[in-house]
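> Make a model of this:
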Amino acid sequence: KEGMPDLSVLESGMSDFDEGDDYFDDFGFTGSEEAGALGGVMDRMDVVPIMNDEMYMAFGIDSWPLWSPKEETFTMHHDDDEMWYVIKGEARVETQHNDGFHIKEKDLVNVPAGTTTTWSLRQDDQPIQLRRLIGDG
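The predicted model follows:
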């Protein structure tokens with residue numbers, strides 16, 4: 001969508017992994033074919049690790065506003081497409097589709113408009129800190 005980063009950059013970042021790599025199976029990605037398709041409209045939340053500085057820079061993540069949720073558990077509805085980049089900390093995030101994700105440092109998270117998320121923050125080590133891009137930024 002207009003204003004959101006082009007996720008096709010993930011295709012080049014995933015080329016080092018085999019299509020059958022279990023790590024990407026855990027996130028619903030099985031190889032570069034699906035990663036290339038991420039440039040289209042996504043209707044489910046997805047998590048992909050940022051594997052290199054080139055990918056980080058391609059998304060312009062440094063310019064995204066900082067966000068540090070304080071509540072240990074909370075639910076929120078996302079009216080617009082969002083992307084999150086986890087700077088530090090960890091959380092468990094579940095959607096209204098009963099999809100559950102463990103997000104952690106260096107994860108890039110795509111959240112389509114209309115998604116409702118329920119967060120469980122892990123505050124024992126360090127509070128989670130993210131960069132968050134909403135809609136057109």
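> so where do the helices sit in this protein?
Using DSSP state H, the helices of the chain run over 9-13, 22-25, 32-37, 53-58.
> now the second one: mean pLDDT?
The reference is to helix 22-25. Helix 22-25 comes out with an average pLDDT of 37.
> Next, the contact list for residue 70, please.
residue 127 (CB atoms under 8 Å, 6 or more residues apart in numbering). Where C-beta positions appear, they are placed from N, C-alpha and C, glycine not excepted.
> Could I get the phi/psi values of it?
Note on residue 70: its backbone torsions stand at phi -100, psi -30 [degrees, to the nearest 10].
> how many neighbours does residue 75 have?
11 (other CB atoms under 10 Å).
> so what's the nearest residue to residue 102 once chain neighbours are set aside bridging to?
Residue nearest to residue 102 in three dimensions, not counting chain neighbours: residue 92, with 5.7 Å by CB to CB, 6 or more residues apart in numbering. Taking DSSP bridges as the rule, residue 92 bridges to residue 102, residue 120.
> Distance check, residue 92 against residue 73.
9 Å (CB to CB, to the nearest Å).
> neighbour-wise, which of those two wins?
Neighbour comparison, residue 92 and residue 73: the larger count goes to residue 92, with 14 against 11 (by other CB under 10 Å).
> thought the more buried one was touching residue 117?
No. Residue 92 is not in contact with residue 117 according to CB atoms under 8 Å; the separation is 10.3 Å.
> ok, residue 65 to residue 112 distance?
With CB to CB as the criterion, residue 65 and residue 112 are 19 Å apart.
> So for these two, which residue has more residues nearby?
Taking other CB under 10 Å, residue 65 and residue 112 do not tie; residue 112 has more neighbours (17 against 10).
> Settle this for me: that one is touching residue 44, isn't it.
Yes. Using CB under 8 Å, residue 112 is in contact with residue 44, at 6.9 Å.
> got any ranges where this protein has weak pLDDT?
Residues of the chain that meet the criterion pLDDT under 70 lie in 1-43, 123-125, 136-137.
> In space, what's closest to residue 87 - neighbours in sequence excluded?
Distance criterion CB to CB, 6+ apart; nearest residue to residue 87, sequence neighbours excluded, is residue 129 at 4.5 Å.
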